[in-house]
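> structure of the sequence below:
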Amino acid sequence: MRAYKAICPYDHRLIESLADLEIDHIIPESLPADELRALLKRLNKEDLDINSYFNWFPVHGSCNRLKGDTLYPDTALHHLLVIAASKVPAVREEEARFDRQARSNDALARVARQIELGALSKEAAISFLQGTPITSSSKTDPTILGFSINLAEATMTDPRFDSPGETLMELHDDESTEPGFSPESLQAELEDSLRVLNALTVISQPVENNGETLSVRYAVWPLNLDLLPEKFPNAWCLLEVAPFSEIYPGQDPSALIDRAVILKRNELILDQDSPGPLPYRYCPNCASTEFHRSSSATEKDNFYRIICSTCGWSEGF
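Numbers count the residues shown, from 1 in each chain. Take a look at the predicted model:
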């Protein structure tokens, strides 16, 4: 899709999101073997692998379904195959970039896993990332995922509204005790769906809200494309997948790594389901799970304190 500049070769229109993308076989995959051999011989392409970039087009889903198993005349096929062949170097370059990024992100993946397990403190994780060769901007270039949502199409979860055509501008009533519905809640739903990536994730620039659409970009280390959800909550659409250096030329993503590590760490050290007043699962300083908890009461108030038995970190209120 990126090699074709997101233009569908059949209708020459923009493929606006990955949700709208399908891969078409120019020569149908369903063609019987004997007919395929005869066709490739006529086209002087006996060595063509029909399951390769030389026979694949990124197209709109509607175009793919309309074409189906249609076998075009030889002249048309030759023309389309020439177009596909001309794009192969660019496709290979994209593929190689993802491979390089995957290899260089191995250490980042291990760091993310150690943070998840609670075995690496925030300071230790950042220190490791800053002290290893992979932290040069060329090798820690994260992948940017760009999302957008049409606010008028967003499903209304607030029970006060019957129609998805209501705008979010009308949903803020300070005197109402009913559950609210806001750009923040939409963004929270999206971020929940991204947790399946098991990656370091952070917003790479302020969220944009023009009253009609909400747009947000996330930097992700490392990105496993196979884990990306097929659909995102509500009306969110994934519009772009691009390297950080392409979206933000000349900028260094190292500060984003620091923020991503801190967010990942803070997300995991607290037990969201705990009824306790100090719901720590891991010590924020050393990642220990050994705590001493205490409480005391006066006539006017209760006091609580938690102390890490390993490093002495404490917090109370």
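> domain-wise, how is this structure divided?
Using automatic domain parsing, the domain ranges for the chain come out as 18-104, 120-260, 271-316.
> ranking those by burial, who's on top?
With neighbours taken as mean count of other C-beta atoms under 10 Å, the domains of the chain reach their highest mean count in domain 120-260, at a mean of 16. C-betas here are computed from N, CA, C, even on glycine.
> Pro284 against Leu278, yeah?
No: applying C-beta atoms under 8 Å, one finds Pro284 not in contact with Leu278, separated by 11.4 Å.
> just put the domains of the chain in CSV and tack on mean pLDDT and distance to Tyr4.
Compiled in CSV, the domains of the chain are given as follows (pLDDT from 0 to 100; distance: least, C-beta to C-beta, whole Å):
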stretch, mean pLDDT, distance to Tyr4
domain 18-104, 89, 5
domain 120-260, 73, 14
domain 271-316, 81, 43
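> tell me the SS of the residue nearest the centre of the chain?
With distances taken as C-alpha atoms, centre = their mean, the residue of the chain nearest its centroid is Leu145 (5.0 Å). Under DSSP: H, G, I helix; E, B strand; the rest coil, Leu145 falls in the strand class.
> so where does the residue nearest to it when sequence neighbours are not counted fall, helix or strand?
Leaving aside its sequence neighbours, Leu145 sits nearest to Tyr218 (C-beta to C-beta, 6 or more residues apart in numbering; 4.9 Å). According to DSSP states H and E, Tyr218 maps onto strand 213-221.
> tell me where the chain has strands.
Secondary structure of the chain (DSSP state E): strands at 21-25, 56-60, 143-150, 200-203, 208-209, 213-221, 237-243, 291-297, 302-308, 314-316.
> report the distance from the second one to the chain centre.
When you say that, I think you mean strand 56-60. Distance, stretch centre to chain centre, for strand 56-60: 22 Å (C-alpha atoms, centre = their mean, to the nearest Å).
> for the residue lying closest to His78 once chain neighbours are set aside, what are its contacts?
Distance criterion C-beta to C-beta, 6+ apart; nearest residue to His78, sequence neighbours excluded, is Leu43 at 5.9 Å. Listed by C-beta atoms under 8 Å, 6 or more residues apart in numbering, the contact set of Leu43 reads Asp74, Leu77, His78, Leu81.
> please consider this matter closed, and thank you.
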